[in-house]
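Enquirer: Provided below are the primary sequence and the corresponding predicted coordinates.
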Amino acid sequence: MGETLTGGCQCGAIRYRARNATDPAICHCRMCQKAAGSVFWPFLKVPLSDLEWTRGRPALYRSSEVGERGFCADCGTPLTFWHVGAETIDLSIGSLDDPALMEPIRQHWAGARMPWFTKLAGLPEVGSSASPEEILRRRPFQHPDHDTGEWPNSGNLR
Ligand SMILES: [Zn+2]
Ligand SMILES: [Zn+2]
């Protein structure tokens with residue numbers, strides 16, 4: 001997994017580049033649920049020295065004695081979890097430009113998993129034919145999934 005990964009927040013105020021990602025996983029713990037605004041947090045691990053912020057910096061929230069979480073102060077996208085003092089940092093898989101590259105290999109805190117988690121893949125599908133082109137027709141303001149300086153509303157960043 002030595003390839004270079006790029007990603008960033010939804011609004012584009014924060015962009016990053018990372019290398020040497022390992023251990024893609026999901027965490028079901030209650031703190032990750034809250035931090036992600038979801039029912040689990042998909043993340044991978046990179047050495048701190050292999051993470052470069054190429055635009056902006058995350059705002060930080062000290063979520064516990066041992067943890068600090070980074071997010072975009074403009075749009076709220078969860079970006080990082082850092083075990084304070086560690087030489088690695090966790091990045092949210094959803095913030096990657098290509099999240100499909102990082103298939104989780106384990107689940108943390110499975111005891112806090114939603115009781116219906118294993119049923120999700122079998123739910124009836126709505127809008128499953130939506131192509132990336134169809135989504136683009138909604139004229140999203142979010143940053144595209146590649147490094148660029150120009151995108152709709154890019155001038156509105158603080
Ligand atoms: Zn943002
Ligand atoms: Zn967690």
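Expert: Nice, thanks for sending it over. Ligands and ions are numbered 1, 2, ... in the order given.

Enquirer: Please list the residues of this protein that sit near ligand 1.
Expert: C9, C11, A13, C72, D74, C75 (Cβ under 5 Å from the ion). C-beta coordinates here come from the backbone N, C-alpha and C atoms, glycine included.

Enquirer: could you measure the first one against M114, distance?
Expert: It refers to C9. Using Cβ to Cβ, to the nearest Å, C9 is found at 25 Å from M114.

Enquirer: Just want to know which of those two has more residues nearby.
Expert: Neighbours per residue, other Cβ atoms under 10 Å: of C9 and M114, the larger number sits with C9, 26 against 12.

Enquirer: Thought A73 was touching that one, still the case?
Expert: No: contact criterion Cβ atoms under 8 Å: C9 and A73 do not qualify, at 9.3 Å.

Enquirer: Helix, strand or coil: sort out A35 for me.
Expert: The assignment at A35 comes out as helix when based on DSSP: H, G, I helix; E, B strand; the rest coil.

Enquirer: In helices, which of the residues of the chain next to ligand 1 fall?
Expert: Here DSSP state H is the test, and the residues of the chain next to ligand 1 give no hits in helices at all.
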